[in-house]
Each structure stands twice: as C-alpha cells, then as structure tokens.
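[1] Quick one, fold the following:
(chains A, B, C and D, ligands or ions: 4)
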Amino acid sequence: MTDQASHRPEPIIPPDAAPLRTLTLAMAVMCYLAVLAAGGLVLINRSVEAWTGDLSREITVQIREIQGRNMEADLAKAEAILKTTPGVLKVTVLDEKAAIDLLEPWIGGIEGLEDLPVPRLIAIEIDPDNPPDFTALETALRNEVPGVSLDTHKRWQAELTRMARVLTTLAYAILVLIGLCAIAIVVFATRAALEANREVVEVLHLVGARDNFIARQVGGRFLRTGLTAGIIGLVLGILTFFLAAGAAPDSFAAIAQEFLSLSGNHLMQNYLALAVVPAVATLICLITSRVTLMRILKSLR
Amino acid sequence: MTDQASHRPEPIIPPDAAPLRTLTLAMAVMCYLAVLAAGGLVLINRSVEAWTGDLSREITVQIREIQGRNMEADLAKAEAILKTTPGVLKVTVLDEKAAIDLLEPWIGGIEGLEDLPVPRLIAIEIDPDNPPDFTALETALRNEVPGVSLDTHKRWQAELTRMARVLTTLAYAILVLIGLCAIAIVVFATRAALEANREVVEVLHLVGARDNFIARQVGGRFLRTGLTAGIIGLVLGILTFFLAAGAAPDSFAAIAQEFLSLSGNHLMQNYLALAVVPAVATLICLITSRVTLMRILKSLR
Amino acid sequence: MVRLENVGLRYGHGPEILKDISFVLAPGEFRFLTGPSGAGKTSLLRLLFLSMAPTRGFMSVFGQDTTQIGRSDLPLLRRRIGIVFQEFRLLDHLTTYENVALPLRVAGLAEEKYRADVMELLKWVGLAEQARVMPQVLSGGEKQRAAIARAVIAKPQLLLADEPTGNVDPALAKRLLRLFLELNRLGTTVLIATHDVQLIAQAKMPVMTLDQGQLRLAA
Amino acid sequence: MVRLENVGLRYGHGPEILKDISFVLAPGEFRFLTGPSGAGKTSLLRLLFLSMAPTRGFMSVFGQDTTQIGRSDLPLLRRRIGIVFQEFRLLDHLTTYENVALPLRVAGLAEEKYRADVMELLKWVGLAEQARVMPQVLSGGEKQRAAIARAVIAKPQLLLADEPTGNVDPALAKRLLRLFLELNRLGTTVLIATHDVQLIAQAKMPVMTLDQGQLRLAA
Ligand SMILES: Nc1ncnc2c1ncn2[C@@H]1O[C@H](COP(=O)(O)OP(=O)(O)OP(=O)(O)O)[C@@H](O)[C@H]1O
Ligand SMILES: Nc1ncnc2c1ncn2[C@@H]1O[C@H](COP(=O)(O)OP(=O)(O)OP(=O)(O)O)[C@@H](O)[C@H]1O
Ligand SMILES: [Mg+2]
Ligand SMILES: [Mg+2]
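    Numbering: from 1, shown residues only, chains lettered A, B, ... in the order given. Ligands and ions are numbered 1, 2, ... in the order given. Alright, predicted model coming up:
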C-alpha cells in the first residue's frame, strides 16, 4: 500500500476530458488548414518570383536593318558591348534563320520572306540578383548601333505581376479568414475545456491554492495541448504538401520540392513561416485559458 | 407557486452547456469554410466555362494570297458562305490595314511590309450554344477559296482547359480536405457535448426512460444546434462572397455577381450546391450524437 | 416480489463484496437494511434496481429471473421501482418541480395530469417554497427530500431508499418515515438502507444487517 | 478566533436566511451547530470559511475583520481552516490518497514529507485499502471519511465540518468524533454542523441551534 506514494503525482488538471480532446482536435485541424494556407501563400509568392525571375533573366536585343549599315558589324559591336556589361551572364547572337523561325507562326504565309530585311536578334541572359542598368545599356548600344532596341519583356512582367497580386491577395484573404476562424474555434474550445474543469479549479481554490499555483497547473496543461495539436497540424500540413507536390503540375512540383527540400536559400524563411502557425495557436490557447481561468477565479471567494 | 406549472417544461437536454456552444461555433466555422470552398469551386467552374465560351465564340478565317487569285473576290465568297452557315452570328471582314496592324508588334521593324502580300482575316462570332460544324465549314470554304484556313483557337482552348482542370482539381482537393476536417471536428465536438450531458442521459435511463425517448430529446437538441450552426455558416459564407465580389478583379466580379444574383439559369444549381453544406453537417452531427448516445446507453443497465 | 438465492457480487477482480446473500421480500413488506459503512448496502440496492447483475447466484424481481431481463425490458420495470440514490442524482438544469415530475414526464404523462400531485407531494416534504429553484441552491436536506419525492411520485410497487435521512433533522426524518409507511400501507414494498438507529427504532419493522458480505435478519 | 456581531445573510433578493447572528468562538473551543434542515447551517459555515460575505453585521476570523480580507489573502487563511463539505467535493480524477494530500501539495510540500502522515490518517479513518482508488468507486461513507481526512490532514487551526457523519454507521461516527476531539485537544477550534443527536450526546460539548434565522446557545 505504501509503495503507491512513490508514483509521480497525478496532474491536477485531468488530461483526458472530452472537451480537452475536442480542443486538441480542433486546434490540430485549424493549424493544419492554416499551415496549408500559409504554405500556399509562400508557394504562390515563390512561383511568381520564379516566373518573373525567368522572364527578367532573359532579354532580347533587336537590331533593325538600316540602309547603309553593315548588319554583321553592328551585331558584333552590340555583342562586344553586351559582353562587357556587368550583370550580363551570356550573350547569344541568333542567326538570320533563327530570327525568321521566330516570326514563322505570325507571317508564315508570306512569300519571299527570306529576301526581306528581317530584324536580327541577340538573346541575353542576365543575373537576376544584379541586373544591368537597362536605360544606360540601351543608350550605350544606341550610340554605336542606331537600329537597336531592347525588349525587356516589361509588358509581360506587368501582366504577370498583376495576376500574382490577385493570387497573393486571395491567398492572404483566405489565410486571414482561416486565421480568424481558428482563433474563434480555439477560444471557444479552450473555454469549454476549462469550464469542464471548473470544479477542479474551485476545489483547488477552496483548499488554499494560490491563483498562481492554479494558473501554473492550467497553463501547463493547455501549453501541452496547444503544442501537441499545433505540431500535429504542422506535420500533417507539410505531409500534405509533399503529397500535393507529387501530384501537381511539373512547374509547381519543382517549386514545391525546392520549398520543402532541406536545402535552398529560402529554407529558414519557409519553415519559419509555417512554424509560426502552431506557435500562434498555442499562444491563443494559453491566453484564452488564462483569461477564462482568471474570470473563474475572480468569481470565487 | 402553482402557476409555475403552466410554463412550458424545460428541455430535458440543457441547451447552453459550454461544449454545446463550442459545437455550434465549430460547426458554423467549418460550414463557413466548406461553403467558401464549395462556392469557390462553382465560381472556378463558371469562370472556366465563361472563358472558354468567349474563346469559342470568336473564330478567325485567314486567307492567304495565292498567285493568280483575286483576294477581294475570295473574301466576298468566304463571307457569303459564312453568312449562310447556321450558328454564325456575325461576320466581319478586316481590311488590309487591320491585318497589318495585327502583325505590327511582331514584324514592326520590317520595311516595305505594306507592299508584301499579307494574309487577310475575317473575324466571326458564333453561337456558343449551337456552334457550326467546323470541319464541314472548312471543307466548304476550301472548295471555293483555296488559300483559306480556320483558326478555332483550339490550342488556346486546350491550354485553358488544362489550367482549368488543375484549378478545379485543386479546389476539389481543398473541398475534400475541409470536408474531412469538418467531419472530424463535428464528430469530436458532438461527442464532447454529449459526454457533458452523460449524467442527464444516465438519470433519464434510471427513472425509466426508453432509449427512443432519450434519443428523441438528444436528437432534437443536436438537430437544432446543427441547423443553427449550418445556417450561420452558410449565411456568412454567402456574405463573404458578396464582399469578395465587390473587391475582386472585374471579370471575376461579374461572374460572382451572376452567381449570387437571384436570377440566371445556374441559380438553383449554385444555391443547392451551397445548401448541401449545412445539410451534410447537420446530418453528421445527428449521426454522431446518435452513435455516441447509443454507446452510452448500451454501457448502462 | 424480490428473491435472492446465494447471490455473490464482486467489482472487477476485487474481493467479493456480497457473499451468499439469500432473502425474500414479499409484496407489501417493509424492511430496513443496515450495516457498517462499506458493507455493500448500496451495492445490494443496485442489484435490486437491476443496474448491475450479480456475479453468481439466482435473483428474481417481480417474479422475473433477472438473467432473462433484456435491456429493452428495463424502462418498464424501472417505472415500477422508485429509488432514492445516496448521492441524490438530481438534474441541475431542471427545477425541483421538474426533477420530481421527471419519472412521470418520462412515462409520457401530460403535465396537466400530474401538476397537482407533484405540488402536493412537494408540500408534504416541505419543498413547496423551493418548487421553482434549481437543485444547486438547495440545502443538503432539501436535495435529499427532492430525491425522495422523485422516488415516490409515481407510487412505485417497490421502493428502494439509500440513506434517505442522512441529511435531515430527526423531526423531518420522522415525517419522511411516515411517508414511507403510508406508501407501504397502500401496497408498496419498501426497503430502506440506513445507519439511522433512531429511525429503525421508531418504525418497528424488520431489519436486515449486512456485515462482511453476509446478511443477517432480525425482527 | 471567530466573532460575529449582528450578522445577517440573504441570497440575492430572497428572504433573510440568517438574522442577527452573534457569537464568539474562542481558540480551542469545540461546538456543535444544529437546527432543522434548511435552517442555514451550511450558509453559516460558508461565512466562516470566507467563501461568502455577510449582507450585514460585523464578522472577524483569526482576529481579522472579514471586510478587510482581500482575495489574495484568502489562500493563506484557508490553509489555517479545514472544511468538510456536505457534498464532499472530492476530485474524481485523483486517487483517495491524492485527494487527502491535496491541501499539503497545494501548500507546496514535497511528497516525501507528507506521505507517511497521509497513509496513517487514511488508516485511522479506515481507508487504507482504498488509498489508490478513485472516489467514484467509494461508498458514501468512504467518500465522507476521505473528505474528513482531507479537512484535518494539515492540522488546521479552525475545523468546520458540515454533517460529517451523515453517511457512516454509529460505531464509525464515534471513531470520527474521537478524531475531532483529539484534534481539538491539540489546539484546533472545532465547529460541527450536524443533525446527529447521538453524536452530540456522546461529545458533551456546547450546542448552538439555528432556527428561523436565529441562533440559540445551549450547554
Ligand atoms: N464501482 C465500484 N467499483 C469497485 N468497488 C466498488 C464500487 N462501488 C463500491 N465499491 C466498493 O464496494 C464496497 C461496498 O460499497 P457500497 O457502496 O455498497 O457500501 P455501502 O454499504 O453502501 O456503504 P456506505 O454505508 O458507506 O454507503 C466498498 O468498499 C466500495 O469501495
Ligand atoms: N446559493 C443559494 N442561493 C439561494 N438560496 C440558497 C442558496 N444556498 C442555500 N440557499 C437556501 O438557503 C436556505 C438555507 O440553506 P443551508 O444550506 O444553509 O441550510 P442547512 O441548514 O445547511 O440545511 P441542511 O441541514 O438541509 O443541509 C435553504 O432554504 C436554501 O434553499
Ligand atoms: Mg452506500
Ligand atoms: Mg447543509
């Protein structure tokens, strides 16, 4: 009989009450949804970045035939200037055939196109992290080669950026919505869980427990519940991403892979963004339980 | 004292227990999210329909210059054929300038383009509900005008359809996820709410209540809870759509408006799709409470 | 009415609480059940109330072998038994009036039919003033009286009462005893588990004593 | 130790339950409080336990005017008062041992220090066998003894007991009375609300009687 006392004492707030289990599940689910939304947001941001990156990584220089100038010489001059420009990684002069091929779909039916003075193109790959000064570059080129023009895909980029803005706004809106819902559910479930333990709180108070003592017991219980639920939601969320990455279209999958891989320069940022979710959820849970507890305690004498 | 008896008797299952309030909120939130997802799904479907509708409403006929034929005569012939084709609503022959303008961005720098034999275009608007037979039309045109080709935007449509499939798959996946989460939360919250009333169920059983009587009391309570919560979620969801429609990009807003307006041929379908959400949620709530109740009752003698 | 033959009872794998209990309760009898705390009085009443089955032995209630009684038969049998639980088991969200009326409501009676009866009984046990309040504001003795009122309101054929006077003063206990005796006079078989020697002395009715799992009958 | 002067108490807008109650409880005194069911004994104990404030009159506990006692002072004062609630108020998810040890645990004592004391007290009240079980499987009398053990484990300066023998047999009641008397001999002031005339007769201690809100003291 006496050996029973050698056990670790039972937690004063019982861990397995039905409302506490509901709280755990509700929090896990809301964290899961929030992680999905937050992850989706990061993914969309990264996708947009990647697309616009691809676009801004490639620009085209076009040289129009001008009476009295030697096209090949102009091309060589432009190539030389481009090669010495900081921020330009690779310069490829497309030959006449390549230029005509690019036009083919649009004016394919025109006879005698081969004999026409078709503009020539130079494809340039630039360093997206350290792009050259486009206006300065254009002026420099123009001084040497009059028929030159620079296509920086500005219009495309504007279009894409607009779409990206809509998408991210939508993702933010959904994140905010889910966040608000999560807060509401966690607040209610926490209150219900604590109300279910009201008798325990009352008896503790009546046998002479200080408010701090009770708050520690309650806080500990809800901290554990919150963290457990938050982490379950987080892990399930990341798992869902992995599964989705497998099933998604290629371009998306690649980004998802990079996003989730344990390397890459966005790693910390990505995972921090997700880890915020359970942390915030736990915090809400703690604050709510504390506020509710204090209200219960204040109502006692 | 005796007049007290003239009041309506209290409900046997108390209506205001904390877990029941949590259940109401949790259900309302999950219904809200599900309504958002379901509505989003319908919206995406309708948007895709509208886009592809726009595209298939406009097709282009291109006539290439062929040595020895009179372009204007060919255009007139083609126009005549098109105008008599059932399903074609409007035929517009674009003049040479319009055709060149369309090419401008692509071959703008080419000198002497005006003198070149540029293909001519006829823009056609067709009835999307009753489109003409494209292959028959093309054969008919070809017989009269050799240089003709029909651009039905097939490639674009394929592209769009692919994108739409990805979007709808995503929306379905999210709907399924939210649905599963909703079921899990409702199941848990219902159980917690009923567990909180276990003493009531036990006492009813002990004073000689039949299982059916208890089930009726419990079912009534949970039916009311489920319906209330479901309808709150539904109403909030529709409200959110209205708000979003106001803030969204124009094309989306138009569809959202149509979707929500109390007219339009998709009306019943749209609203039925949304109304399914609270109905299903209430059903889950009822089934869970019934199963839980029966388990409690079986454990009693 | 009630017959037990060599009944034994244990909870889980614990010791045997009741050992070889045999007795008969004839219709219209009035008996006390006494014995030290933890002797198994409440457990025996649970057996008679059919909310537990004995681990061994034969037992019949209302002439029915209890092993033959299915779950679906319980409600109708329970309506013929009134019980006062030691912990009262009142419903906290119903008024005293509604708690007392519960067995009638559950049996499907219309409120108009039982309203007057319930109010009269409440008056008899001294709870007329408290008819509209919830049990949590009742005093210990008031709760106990409400529990007794709920047990007797349906004029059961068998009344089981577990320590029904533990929280009331001697004068009130005497009054409640009169209620039980009156009910008995009208035909109800009564079994009262109690520690109250005064009550037993006043009633002058046979006493069964439980001790160490064995039952002894004294006149 | 305790002083009341013209204390009155009402719940909400109800009638006055206690009217002009005045008495003094000197350190080391032992008194009974009796009176019919619903007279206000539990309410008076609630006042002394500081869980309610009187609606009028002056009241002091441990020499402190109760109107001057803030919420933050309550825990330390409560640790000097032991109370047996009429409804026991044991925690269902803790074992009997842990329930009894709760006041010590709450006061911050290490388990090694109180383990032996708790086990000895459990033995004294006859619950050694039940130390490891949860209260819901205890019999009524066993719960009551656990509640008593919890009230006295910390050797309080003031012991308030509400109907502490309502669910135990007379022999056990006598044993519990010995516990209270022993505690009183060691310096604890004791006030026991009870209906048990035998208990009062055995103890030969002063009795206060509450009736219709008025207090009467008899030797
Ligand atoms: N559900 C249970 N599981 C295990 N043991 C139990 C259970 N209920 C009661 N017991 C044990 O059975 C014994 C008899 O309990 P019971 O409640 O029948 O006693 P009692 O005669 O009613 O006592 P009291 O007069 O104190 O109410 C006690 O020792 C108790 O601890
Ligand atoms: N919280 C409350 N609110 C309103 N009225 C209450 C409350 N608690 C008790 N009462 C009423 O106050 C009166 C006295 O109650 P109290 O519990 O003090 O009686 P008691 O002397 O302990 O009776 P008993 O011997 O039956 O336990 C009772 O009529 C009761 O209904
Ligand atoms: Mg008992
Ligand atoms: Mg009392």
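[2] so how far is C:Val100 from C:Pro135?
    To C:Val100, C:Pro135 is 10 Å away according to Cβ to Cβ, to the nearest Å. For glycine as for every other residue, the C-beta is placed from the backbone atoms N, C-alpha and C.
[3] cool, and C:Leu18?
    According to Cβ to Cβ, C:Leu18 and C:Val100 sit 31 Å apart.
[4] neighbour-wise, which of these two wins?
    C:Val100 (29 against 24; other Cβ atoms under 10 Å in any protein chain shown).
[5] isn't the more buried one right next to C:Arg145, touching?
    No. Using Cβ atoms under 8 Å, C:Val100 is not in contact with C:Arg145, being 9.6 Å away.
[6] hmm, back to that, who touches both of C:Pro135 and C:Val100?
    C:Ala146 (Cβ atoms under 8 Å, 6 or more residues apart in numbering or on different chains).
[7] and the closest residue to ligand 2 within the stretch 201-301 of chain A, which of the three is it?
    The minimum distance from the stretch 201-301 of chain A to ligand 2, using Cβ to the nearest ligand atom, falls at A:Arg301 (12.8 Å). Of the three states, A:Arg301 takes coil under DSSP: H, G, I helix; E, B strand; the rest coil.
[8] and A:Val176, what helix or strand is that in?
    Assigned by DSSP states H and E, A:Val176 falls within helix A:154-196.
[9] Model confidence at A:Ser263, what's the number?
    Note for A:Ser263: predicted pLDDT of 50.
[10] what about residue 129, how many neighbours?
    The chain I'm using is chain A. 7.
[11] actually chain C
    C:Glu129, neighbours per other Cβ under 10 Å, totals 15.
[12] With the one 3 residues further on instead?
    For C:Arg132, the neighbour count with other Cβ under 10 Å is 14.
[13] Just read off the phi/psi values of it.
    With angles defined as degrees, to the nearest 10, C:Arg132 sits at phi -90, psi 0.
[14] Go ahead and confirm it touches C:Thr95.
    Yes. In this structure, C:Arg132 is within contact of C:Thr95 by Cβ under 8 Å, at 5.2 Å.
[15] ok, back up a step: and the residue of the stretch 201-301 of chain A closest to ligand 2, what does it touch?
    By Cβ under 8 Å, 6+ apart, the neighbours of A:Arg301 are D:Leu50, D:Ser51, D:Met52, D:Ala53, D:Arg71, D:Leu74.
[16] try 7 Å
    Residues in contact with A:Arg301 (Cβ atoms under 7 Å, 6 or more residues apart in numbering or on different chains) are D:Leu50, D:Ser51, D:Met52, D:Leu74.
[17] Can you tell me which of these end up in strands?
    If you go by DSSP state E, these have nothing in strands.
[18] Report the entries of the residues you listed that also contact chain C.
    Residues of these in contact with chain C (Cβ under 7 Å from any Cβ of the partner chain): none.
[19] Identify the residues contacting stretch C:73-91?
    B:200, B:203, B:206-210, B:301, C:42, C:49-50, C:62, C:69, C:99, C:103, C:107, C:135, C:143-144, C:146-148, C:151-152, C:154, C:156-164, D:140.
[20] Hmm, I typed the wrong one, I wanted stretch C:190-201.
    Applying Cβ under 7 Å, 6+ apart, the external contacts of stretch C:190-201 come out as C:25, C:30-34, C:41-42, C:45, C:159-165, C:170, C:173, C:177, C:180, C:183-184, C:207, D:168-170.
[21] Please narrow these to those residing in strands.
    Going by DSSP E, the strands hold C:Leu25, C:Phe30, C:Arg31, C:Phe32, C:Leu33, C:Thr34, C:Leu159, C:Leu160, C:Ala161, C:Asp162, C:Val207 from these.
[22] Tell me, how many residues neighbour the fourth one?
    Yep, that's C:Phe32 we're talking about. 21.
[23] Leaving aside the residues adjacent along the chain, what's closest to it?
    C:Val207 (4.5 Å; Cβ to Cβ, 6 or more residues apart in numbering or on different chains).
[24] Of the contacts of A:Arg301, select the buried ones using a ChimeraX command.
    Here is the ChimeraX selection string for the buried members of the contacts of A:Arg301, based on 16 or more other Cβ atoms under 10 Å in any protein chain shown:
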select /D:50,51,52,74
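[25] Counting only helices, which of the contacts of A:Arg301 make the cut?
    D:Leu74 (DSSP state H).
[26] what's the closest of the contacts of A:Arg301 to B:Pro119?
    Distances from B:Pro119 to the contacts of A:Arg301, taken as Cβ to Cβ, are shortest for D:Leu74 (94.8 Å).
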